[in-house]
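[1] Compute the structure for the input listed below.
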Amino acid sequence: MDIDIDDPRWAALDMEALCERAIRTTLNRLTLPLDAEISILACDDARIAALNAEFRAKARPTNVLSWPSEERAAMSAGGQPRPPEPDPGGMIELGDIAISYDTCAAEARAAGKDIAEHVTHLIIHGTLHLLGYDHETEQDAALMEGLEVEILGKLGLDDPYRES
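    Residues are numbered from 1 along each chain as shown. From the prediction side, this is the model:
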């Protein structure tokens, strides 16, 4: 795991430990090798808005973006994505995640949540995207959100989709 801290406000969180825990728990749940290569950019709204404009033609900030190293999407709605293939050394290259401090902090405040818990959820969410999961259809969203809730539960964190 390679983490690039592009905004100093992330220093308040131990991003390395937080990301390691979220990614390891996600990979364990999906029974995937723990030797995975992921790059994480911890940035601000300006940087993620530029990335969102460049890669998704949406010139606005978002909480998290992900770029899988290869296409792994399921062949049918609600289906399981194709698992990543390890290289000869057993390493799996998953891709890149960018996460914005501004948007994450605002969302956490609005929901009355701890920012570290919200960021944990978003790292799990981004990792699942790298693994081919998405939320484009109701079936895909149900599968992905169910996994997120289960993984967060293993970490002792609440269901982010449950209405308070």
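
[2] and Asn52, how many residues sit next to it?
    Here the number of neighbours of Asn52 (other CB atoms under 10 Å) works out to 19. C-beta coordinates here come from the backbone N, C-alpha and C atoms, glycine included.

[3] nearest spatial neighbour of it, skipping sequence neighbours?
    In space, not counting the residues next to it along the chain, Asn52 is nearest to Lys58; the distance is 4.9 Å by CB to CB, 6 or more residues apart in numbering.

[4] Could you do Ala73 as well?
    In this structure, Ala73 finds its nearest non-sequential neighbour in Gly132, 4.9 Å apart by CB to CB, 6+ apart.

[5] Then Ala59?
    Nearest in space to Ala59, with sequence neighbours left out and distances taken as CB to CB, 6+ apart, is Ala53 at 4.0 Å.

[6] can I assume Ala141 is in contact with His135?
    Yes - using CB atoms under 8 Å, Ala141 is in contact with His135, at 3.8 Å.

[7] Within the helices and strands, which one has the residue most central in space within the chain?
    Of all residues in the chain, the one closest to the mean position by CA atoms, centre = their mean is Gly126, 1.8 Å from it. Secondary-structure element containing Gly126, defined by DSSP states H and E: helix 115-130.

[8] which other residues reach that helix?
    Residues from elsewhere that reach helix 115-130 (CB atoms under 8 Å, 6 or more residues apart in numbering): 13, 15, 18-19, 21-23, 25-27, 38, 40, 63-69, 94-95, 97, 99, 104-105, 107-108, 111, 144, 147-148, 151-152, 155, 157-158, 160.

[9] Would you state the strands of the protein in chain order?
    Counting by DSSP state E, the chain forms strands over residues 2-5, 36-43, 64-68, 92-100, given from the N-terminal end onward.

[10] out of the ones you listed, nearest to Pro86?
    strand 92-100 (4.9 Å; CB to CB).

[11] And the helices in the chain, which stretches?
    15-29, 45-56, 101-111, 115-130, 138-154 (DSSP state H).

[12] just those: most buried one?
    When the helices of the chain are scored by mean count of other CB atoms under 10 Å, the highest mean neighbour count falls to helix 115-130 (a mean of 24).

[13] Give me the angle between that helix and strand 36-43.
    Helix 115-130 runs at 130 degrees relative to strand 36-43, counting by axes from the mean of the first three to the mean of the last three CA atoms, to 10 degrees.
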